[in-house]
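Peer 1: sequence first, then the predicted structure:
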Amino acid sequence: MPASLPRLDIAEAVRIRRFRPLRLLLGALAIAFAIFVFRAFADAQIDWSVVWEYLLARITIVGLGFTILMTLVAMMIGLSVAVVLAVGFGSHNPVTRWICKTYVWLFRGTPQLLQLLLWYNLALVFPIVGFPGLGSWQTVDLMGPFAAAAIGLGLNAGAYMSEIIRSGLLSVDTGQYEAAKAIGMTRGKTLRKVIFPQAMRVIIPPLGNEFIGMTKNTSLASIVGFGELIFVMQSIYFYNFKVIEMLLVSAFWYLVVTSILSVGQYQLEKRFGRGFRRGGSL
Amino acid sequence: MNVVSAVNLSKSFGAFEVLKGINLDIAKGEVVCIIGPSGSGKTTFLRCINQLESINSGALWVNGELAGFRVVGERILPLDEHEIAFQRRATGMVFQRFNLFAHLTAEQNVALGPVEVLGQAPAQALGTARDLLARVGLSQKLKSYPAELSGGQQQRVAIARAMAMNPQVLLFDEPTSALDPELVGEVLKVMQEVATTGITMVVATHELNFARDVSDRVVFMADGRILEVGSPERMLTKPHEPRLKTFLSALSGSRAGSGDSDAQST
């Protein structure tokens, strides 16, 4: 060691903290903005007692319940459709691939709101639905707000999520398909036992996004008269005129639900990250 | 009985002919090493044997069955996916890049095929898997994921996985080419032990010492053809084919005269 170098061990030396003016400035701005917003809401003509009154009211909780129920049902429909589409895209059968492409083209190419209205008004096109041997029903009776919303939201989400699932399947190395083939596994078994468990790692983060998006998208179902949270809040402020108060109540509950979903997503990512050093938590 | 019979087998990728009329019979219990320069068609030939690739002309018989087709009178009917999957049970494959199932532990990797394809009870399959992993020297790594294992360990798990299916013939596609030089020896040692069990083996490799010590026959391929076949001793010391001479001297030159298989890198 050259004699001119000082004796030094960076583990023991005291470190000088760097002065970071931008951080301080940004922090101060954020706090100032928060105070401004808070003051604005405090000074505004918001009847907070009404907010508290409706926050845990029975009718609010019922609306919230329907929001959660619709999210789950529509996501289940959407996921089933998405998996079938994604697997269909990789099929050797050209007819299957063509059907899948047409489906995605149709459902991704028209507005979600339009689709909901079309399903709700299906009776105008097909007044009667009949299955040979089972009987027939009036479409108006079958396609109520719940069915129209579940089908409309679910089938639309399926078209979008099929791309997420497909990218997940593509993310798995072809060597994994070949190794599964080499031990005599069929395509179906390979997908279920080898490919999907590994694709989940890639699928879950964007799927969590879709889940959260769907929670909020269920509010579109209010247009066909489905009694979810926004529908309930609207019907309350139509008679008590406490518009902002009711909207704040719904905003609070949406945040609660989406926060819980975010935590759930993180847990799922950890579970499917097994065997991968970096896991899903990049 | 021949476990593998290739008769005038040809395979093209588009306009590029990779295999140009391969004729080769491999008897039960035989260990055959296929050597040859990169791009000679060694890997493609192995992939044809377990039908990861389909052939364009000629015929391939594996375990007494026509691979990929059923003969109906004078015509042939292409087999469907399930029937091909069933035929693949006769072959086991060890890949250059291991291809272990990344989401499963070592023992789960070995047990997956027996459970899902052969319908064994999971407990029984896991028991067999542990025995096999012990045989390849990995008793300590049963619960390790592939990412936690070295390349040599992964390849040994892959060998156990292939053996767990009790195939008629084990195919090795350059099993040591993706390994760090110091890990080659442990894999070759396991392969040598597998060879002593009497199972039929076809090994595409650049490991000439392994070919000399373990194989019954050496096949030299170049440009999609088999140019010379013979006993390892004669092939490696008195080659007839000029291209084999060139190939051997190129390989031994790159090894700087070392006779130690552990020190060999390709």
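Peer 2: That came in fine, so what should we check first?
Peer 1: and the stretch 51-200 of chain B, which residues reach chain A?
Peer 2: Applying C-beta under 8 Å from any C-beta of the partner chain, we find that the stretch 51-200 of chain B lies next to chain A at B:52, B:81-82, B:85-86, B:88-89, B:91-93, B:95, B:97, B:99-105, B:112-113, B:116-117, B:145-147, B:158, B:161-162, B:165. Yep, even glycine has a C-beta here, placed from its N, CA and C like the rest.
Peer 1: same thing but at 7 Å, please
Peer 2: With the criterion set to C-beta under 7 Å from any C-beta of the partner chain, the stretch 51-200 of chain B comes near chain A through B:52, B:81-82, B:85-86, B:88-89, B:93, B:95, B:97, B:99, B:101-103, B:112-113, B:116-117, B:145-147, B:161, B:165.
Peer 1: mark which of those residues are buried, thanks.
Peer 2: B:52, B:85, B:88-89, B:93, B:95, B:97, B:99, B:101-103, B:112-113, B:116-117, B:145-146, B:161, B:165 (16 or more other C-beta atoms under 10 Å in any protein chain shown).
Peer 1: what distance do you get for the residue in the stretch 151-266 of chain B that chain A sits nearest to to residue B:95?
Peer 2: Residue of the stretch 151-266 of chain B nearest chain A, by C-beta to the nearest C-beta: residue B:165 (5.5 Å). Separation of residue B:165 from residue B:95 (C-beta to C-beta, to the nearest Å) stands at 14 Å.
Peer 1: where in chain B is pLDDT low?
Peer 2: Along chain B, segments meeting pLDDT under 70 span B:254-266.
Peer 1: which residue lies farthest from the center of it?
Peer 2: Using C-alpha atoms, centre = their mean, the residue of chain B lying farthest from its centre is residue B:73. It sits 33.4 Å away.
Peer 1: for the host helix or strand of residue B:172, name the packing helices and strands.
Peer 2: Per DSSP states H and E: residue B:172 is located in strand B:169-173. Applying 3 or more C-beta pairs under 7 Å, 6 or more residues apart in numbering or on different chains; DSSP states H and E, one finds that strand B:169-173 contacts helix B:42-49, strand B:91-94, strand B:200-204.
Peer 1: count the neighbours of residue 121 for me.
Peer 2: Went with chain A since none was named. Residues contacting residue A:121 under the criterion other C-beta atoms under 10 Å in any protein chain shown number 14.
Peer 1: I was after chain B.
Peer 2: Neighbour tally, residue B:121, other C-beta under 10 Å: 10.
Peer 1: that one and residue B:127, how far apart?
Peer 2: 9 Å.
Peer 1: now the closest residue in space to residue B:217 that isn't next to it in sequence, what's its secondary structure?
Peer 2: Leaving out its chain neighbours, the residue that sits closest to residue B:217 by C-beta to C-beta, 6 or more residues apart in numbering or on different chains is residue B:32, at 5.0 Å. Secondary structure, DSSP: H, G, I helix; E, B strand; the rest coil: residue B:32 is strand.
Peer 1: pretty sure residue B:32 contacts residue B:214?
Peer 2: No. Judged on C-beta atoms under 7 Å, residue B:32 makes no contact with residue B:214 at a distance of 10.4 Å.
Peer 1: what about the helices in the stretch 51-200 of chain B?
Peer 2: B:81-87, B:106-116, B:122-135, B:151-164, B:181-196 (DSSP state H, counting those that start in this stretch).
Peer 1: would you turn those into CSV with distance to residue B:6?
Peer 2: What follows is the helices of the stretch 51-200 of chain B, written out as CSV (distance: least, C-beta to C-beta, whole Å):
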stretch, distance to residue B:6
helix B:81-87, 15
helix B:106-116, 25
helix B:122-135, 29
helix B:151-164, 21
helix B:181-196, 21
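Peer 1: element containing residue A:263, please.
Peer 2: Assigned by DSSP H and E, residue A:263 belongs to helix A:243-272.
Peer 1: return the distance of that helix from the chain's centre.
Peer 2: How far helix A:243-272 lies from its chain's middle: 10 Å, per C-alpha atoms, centre = their mean, to the nearest Å.
Peer 1: report all helices and strands that it contacts.
Peer 2: Helix A:243-272 packs on helix A:48-55, helix A:58-89, helix A:196-217, helix A:229-240, going by 3+ C-beta pairs under 7 Å, 6+ apart.
Peer 1: so which of those is nearest chain B?
Peer 2: helix A:196-217 (4.8 Å).
Peer 1: which residues does that closest one contact?
Peer 2: Residues outside helix A:196-217 that contact it (C-beta atoms under 7 Å, 6 or more residues apart in numbering or on different chains): A:67, A:71, A:74-75, A:112, A:153, A:157, A:160-161, A:164-165, A:167-169, A:171-172, A:176, A:254, A:257-258, A:261, A:265, A:268-269, A:272-273, A:276, A:280, B:102-103.
Peer 1: now the angle from that helix to helix A:58-89?
Peer 2: Angle, helix A:196-217 to helix A:58-89, by axes from the mean of the first three to the mean of the last three C-alpha atoms, to 10 degrees: 140 degrees.
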